[in-house]
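K.L.:
fold the following.
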Amino acid sequence: MNKLVILRGPSGSGKSSVAKELREGSKNKVAIIDQDYLRRIVLKEKDLPNSINPKLILRVSQFALDNGYNVIVEGILYSAHYGAMFDELLKYHPKENYVYYFDISLGETLKRHITRDKFSEFGEKEMRQWYVDKDLLGTRDESIISESLSKGQIVKRILRETGL
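P.N.:
Model prediction:
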């Protein structure tokens, strides 16, 4: 059975970088469903309650799973905006699901943001507005990724736990 891996957490916490390395480290087909790409580029939509981008994330994830891909869904993915979508996705794909929350402090996300390509797109003000501390989904077996772990340690852990 294909695997569904969910990487959630604050902006600048390392989710996108980890997703790319997971795909590179996998021997299997892996589709990355990037919230920012679908929301900002495809739909040019703000991340507001009752937006349509959760439906697009759901459908693209289902399509990739149905066509033999392991799927990584990654983004801030606020529980208030995306919780119902994740409930539906986890019911649709009831086994081999791995949910990770990057528990990274605001100070650390600001430090990491300086090193990103996106640094010129938005700054500290936006990062502070978007930050929600401990925004857990509350799903069964949700795993916490600590800010003390390096990107390499996170990738090794997730590869080991998921078997990607």
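K.L.:
could you list the low-pLDDT ranges of this protein?
P.N.:
113-123 (pLDDT under 70).
K.L.:
what is the neighbour count of the closest residue to residue 77 other than its chain neighbours?
P.N.:
Distances taken as Cβ to Cβ, 6 or more residues apart in numbering place residue 8 nearest to residue 77, at 4.6 Å, with adjacent residues excluded. Using the backbone N, CA and C atoms, a C-beta is placed for each residue, glycine as well. Close neighbours of residue 8, defined as other Cβ atoms under 10 Å, add up to 25.
K.L.:
contacting residues around residue 8?
P.N.:
15, 74, 75, 76, 77, 99, 100, 101, 102, 135, 137 (Cβ atoms under 8 Å, 6 or more residues apart in numbering).
K.L.:
what's the closest non-adjacent residue to the last one?
P.N.:
Spatially, and ignoring its direct neighbours in sequence, residue 137 is nearest to residue 79 (5.2 Å; Cβ to Cβ, 6+ apart).
K.L.:
what does the fourth one give?
P.N.:
In this structure, residue 76 finds its nearest non-sequential neighbour in residue 11, 5.8 Å apart by Cβ to Cβ, 6+ apart.
K.L.:
so the one you found makes contact with residue 109?
P.N.:
Yes: counting by Cβ atoms under 8 Å, residue 109 is a contact partner of residue 11 at 6.3 Å.
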